[in-house]
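Novice: Here is a sequence together with a model predicted from it:
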Amino acid sequence: MPQARLMDGTVLARRIVEATAKKAADLTDRTGTAPCLATVLVGEDPASVTYVRMKQNRCRKAGIESRHVALPAATTTAQLVATLRELSDDPTVHGILLQHPMGEHIDERAAFEAIAPEKDVDGVTFASFATMSFGLPGFVSCTPGGIVRLLDEYAVDPAGKRAVVVGRSAILGKPAGMLLLARDATVTYCHSRTRDLSSVVREADIVVAAVGRPRLIRGEDIKPGAVVIDAGYNPGNVGDVDFDSAVERASLITPVPGGVGPMTIATLLEQTVDAAARQLGV
Ligand SMILES: Nc1nc2c(c(=O)[nH]1)N[C@@H](CN(C=O)c1ccc(C(=O)N[C@@H](CCC(=O)O)C(=O)O)cc1)CN2
C-alpha cells in the first residue's frame, strides 16, 4: 500500500521561529523595546499549564518577553474581562493570549472581546474572525493559520477542492473552515449533529480533524489521495485521526506530535512580533 508523505510542522515552525527571532532582535535594536506577549491562564488545568509554559519558553528563545497572569479557577467573567482590558490598555504589552479552555462558568466570548483587536495575536476576537473570513490582512487564529501555512509549504492549493472540517470550535474548526473558504475551497463543517460523518468525510480532498475525539477519523473514512490535517489535541499526544490506518490512504498527512502543534506556537510568536512592530510604529 502507498504511504502518505508527512507534513512536517516541526521543521517549518523552526524556520518561522528563526525568522521571527531575527525580526524581534531588529525591532528591539531599533526601538529599545522588546516585543511582549501577555499570557493569561484561568485555573490550573495541567494541559493548559504545559501549553502556556511552552509558549513562554519559545518566546524567550525568540527574544520576545512574556508576562504571565495566573488567575484562580474561581475567577468570574467580570474579573477576567477587567484583567484583559488592563492588558489591552498597557502600552508595554503588545500581544495577549488567553489560554483556552477557561472553565464553564466563564463567558468565553465576553472574555475574548475584551482583548484589543490590535493585540489579538491569537486571532480570537470577532474583528480577527471577520478579516480572516474575508481573506484580509489581520491576525489569524493560530492553529488554523498554521494549517494554511503547512498547506502552502506542501503546495496544496485549496481552490476548487472539497474541504471537510470536523469540529466547529471558535478557535479551531470555524476559523479553519473560513480560511479554506477564503482560499476558494468548497467547505463542509461537521459537528456533533452531523449524520453519517464517515460518508461526508469520504467526499473530502482535504480533511481537517479538529474535534478533540481521539482517533475518531479512521483510514476507511479517507478518500484515497486526500490531504489529512490532524488538529486534535487529546491527552497523551493523540490526534483525532487514526494515523496508522489513515497514512495508508492519504497523500499527505500531519503527524501528532510534530504537525500542527508546533505551527500553532510559531504563528503566535510571528503575530506577536508583527503586533509589536505596528504598535511601535516600525
Ligand atoms: N488560546 C488558545 N488556546 C488553545 C489553543 C490556541 O491556539 N489558543 N490551542 C490548543 C492547545 N495549544 C495551544 O494552546 C497547543 C497544543 C499543542 C501544541 C504542540 O506543539 N504540541 C506538540 C507536542 C507537545 C508535547 O510534546 O507535549 C506537537 O503537536 O508536536 C502547541 C499548542 C488549545 N488551547
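Specialist: Here it is on my side, so go on.

Novice: Thr50: neighbour count?
Specialist: Counted with other CB atoms under 10 Å, the neighbours of Thr50 add up to 10. Placement of C-beta: from N, CA and C, glycine included.

Novice: ok so it is a helix residue?
Specialist: Yes: per DSSP: H, G, I helix; E, B strand; the rest coil, Thr50 lies within a helix segment.

Novice: That one and the ligand, how far apart?
Specialist: 6 Å (CB to the nearest ligand atom, to the nearest Å).

Novice: swap in Ala13?
Specialist: Per CB to the nearest ligand atom, Ala13 is found 8 Å from the ligand.

Novice: pretty sure that residue contacts Val260?
Specialist: No: Ala13 is not in contact with Val260 according to CB atoms under 8 Å; the separation is 9.4 Å.

Novice: Need the residues touching each of the two.
Specialist: Gly146 (CB atoms under 8 Å, 6 or more residues apart in numbering).

Novice: quick one, which of the two is more surrounded?
Specialist: Between Ala13 and Val260, counting by other CB under 10 Å, Val260 is the more crowded of the two (31 against 26).

Novice: Now do the contacts for the more buried one.
Specialist: 9, 143, 146-147, 150, 229-231, 254.

Novice: Just flag the most distant two among those.
Specialist: Greatest spatial distance in those: Gly146 and Asp230, 12.3 Å, computed using CB to CB.

Novice: out of those two, which sits in the more crowded spot?
Specialist: Using other CB under 10 Å, the more surrounded residue of Gly146 and Asp230 is Gly146, with 30 against 27.

Novice: which stretch of helix or strand covers the more buried one?
Specialist: Assessed by DSSP states H and E, Gly146 sits inside helix 142-153.

Novice: same for that helix, what does it pack against?
Specialist: helix 9-31, helix 173-182, strand 227-230, helix 260-279 (3 or more CB pairs under 8 Å, 6 or more residues apart in numbering; DSSP states H and E).

Novice: could you redo the last one with a cut-off of 10 Å?
Specialist: helix 9-31, helix 126-133, strand 162-166, helix 173-182, strand 206-209, strand 227-230, helix 260-279 (3 or more CB pairs under 10 Å, 6 or more residues apart in numbering; DSSP states H and E).

Novice: close to the ligand, is it?
Specialist: Yes: using CB under 6 Å from any ligand atom, we find that helix 142-153 touches the ligand at 142-143.

Novice: what inclination does that helix have with respect to helix 173-182?
Specialist: 30 degrees (axes from the mean of the first three to the mean of the last three CA atoms, to 10 degrees).

Novice: And helix 142-153, what's buried?
Specialist: The neighbour-count check on helix 142-153 (16 or more other CB atoms under 10 Å) flags 142-151, 153 as buried.

Novice: I'd like the average pLDDT over that helix.
Specialist: The average pLDDT for helix 142-153 rounds to 98.

Novice: Kindly report the same for stretch 82-95.
Specialist: 98.

Novice: Same check on stretch 43-60?
Specialist: Mean predicted lDDT for stretch 43-60 stands at 97.

Novice: Spatially nearest residue to His68 (excluding sequence neighbours)?
Specialist: Thr39 (5.0 Å; CB to CB, 6 or more residues apart in numbering).

Novice: can you tell me which residues contact that neighbour?
Specialist: 51-53, 55-56, 59, 66-70, 87, 95-99, 122, 268 (CB atoms under 10 Å, 6 or more residues apart in numbering).
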